[in-house]
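1. Just the structure for this:
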Amino acid sequence: MFNERKFTHTDPFIKVVFNTTFGFWVSVMYKQLRVAIIGVGKMGEAIVAGLIASNRCMSEYIVCYDISAERREYMRKIYGVKCFDKPSEDLKNVDMVFISVKPKDVPIVLSDIVPYLDRSSVLISVAAGVSLSYLRKYIPKPIPIVRIMPNLACMIREGMIAYSAEYAIDPDIERNIVDMLSLLGRVVKIDEQYMDVVTALVGSGPAYVAFVIEALADAGVRLGIPKDLAITMAAQTVLGASKLILDKRIHPAILRDMVATPGGTTVEGLLVLEENAVKSAFIHAISRAATKASELHLQS
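-> Purely as a prediction, here's the structure:
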């Protein structure tokens, strides 16, 4: 049986092969994605790791660029990818180009890569605070542009990726972009006006969750549980709770009430969290982070 999804011969990531021996039998084989990542800091590395882990983009089809000789050598050694210090002819052969550099470095990077971009390429910007309109000033119109905000969990293909696209983007191209991003985790489309908030919630989110896991584990250690075991239990508890909310499509408050039986231990713990305004502290932290993200904007 075939998947109900319809593929077209124009899909750059799909190759449909008709087997004449068996008549109507058709096999669908995924072509290897050809990807360039400009800037392989933590986020750039996470994208490389996730794509390779997906088996849809083998290391020989990935080319990376970074000004740091140390990072280039690291990426070659760990992931087996080609890595250069500046844009080269290799950019002409890729399907998608990720820009994963600091906002202040975006203008010079865009100027450097334009001569090498093929009309069939897609530009995907990971740079915080850099709008689609700003990117378009440097990139010729035939080349589609998408802005994304992922997080480090893309490294293990469990990332959260929010994206914004130009209104005029071709639906088939957008669908191909979403398919590719889905290799790295869960993908949602948002209006670009919310990108600063998403930067604070999604981009910074793993740090906040790690903070919670650390606090839970520290409590266990204080009460006598070995540290490694406490961290494992805390992390798995957070993972399990997250999967329950996502898989069962329930509000977090419902899960909280499912666990917090009247007069039980959970209620006592929740009372302490409420008394110390923990929820309010998280809301304030993300609000501050969103404000900081807005300060990174390059003038369009």
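
2. Now do residue 282 against residue 243, distance only.
-> Per CB to CB, to the nearest Å, residue 282 is found 20 Å from residue 243. Every residue, glycine included, has its C-beta placed from N, CA and C.

3. Neighbour count: the two, which is higher?
-> Comparing residue 282 with residue 243 by other CB atoms under 10 Å, the one with more neighbours is residue 282, at 13 against 10.

4. Check which helices and strands the strand ranked longest in the chain is in contact with.
-> Assignment by DSSP state E gives strand 159-165 as the longest strand of the chain. On a contact count with 3 or more CB pairs under 8 Å, 6 or more residues apart in numbering; DSSP states H and E, strand 159-165 meets strand 145-149, helix 171-181, strand 185-189, helix 195-198.

5. Dump these to a markdown table, plus mean neighbour count, distance to residue 114 and mean pLDDT.
-> As requested, the helices and strands packed on strand 159-165 are exported to a markdown table (neighbours: other CB atoms under 10 Å; distance: least, CB to CB, whole Å; pLDDT from 0 to 100):
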| stretch | mean neighbour count | distance to residue 114 | mean pLDDT |
| --- | --- | --- | --- |
| strand 145-149 | 24 | 12 | 97 |
| helix 171-181 | 17 | 19 | 94 |
| strand 185-189 | 15 | 26 | 98 |
| helix 195-198 | 23 | 23 | 97 |
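
6. These into TSV, with extra columns for distance to residue 291?
-> Below are the helices and strands packed on strand 159-165 laid out as TSV (distance: least, CB to CB, whole Å):
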stretch	distance to residue 291
strand 145-149	16
helix 171-181	27
strand 185-189	22
helix 195-198	8
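
7. right, so of these, which gets closest to residue 265?
-> Ranking the helices and strands packed on strand 159-165 by proximity to residue 265 (CB to CB) places strand 185-189 first, at 32.5 Å.

8. For the chain, which segments are assigned as strands?
-> 14-18, 26-30, 35-38, 62-65, 82-84, 96-99, 122-125, 145-149, 159-165, 185-189.

9. Pick the most deeply packed of those strands.
-> When you average the neighbours per residue for each of the strands of the chain (mean count of other CB atoms under 10 Å), strand 35-38 leads with a mean of 27.

10. picking up where we left off before, the longest strand of the chain: partners in the sheet, and parallel or antiparallel?
-> strand 145-149 (antiparallel), strand 185-189 (parallel) (DSSP bridges).

11. what about the last one, distance to the chain center?
-> Going back to what we said before, that points to strand 185-189. Centre-to-centre, strand 185-189 and its host chain are 8 Å apart (CA atoms, centre = their mean, to the nearest Å).

12. mind saving the C-alpha coords of it as CSV?
-> Extracted C-alpha coordinates of strand 185-189, given in CSV (Å, rounded to 0.1, in the frame of the first residue of the first chain):
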residue,chain,number,x,y,z
GLY,A,185,11.3,18.0,14.8
ARG,A,186,7.9,19.6,15.1
VAL,A,187,7.2,22.5,12.7
VAL,A,188,4.6,25.3,12.9
LYS,A,189,4.0,28.3,10.8
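
13. Now do that strand and helix 171-181, the angle between them.
-> Orientation check (axes from the mean of the first three to the mean of the last three CA atoms, to 10 degrees): strand 185-189 against helix 171-181 gives 150 degrees.

14. Nice, that's everything, thank you.
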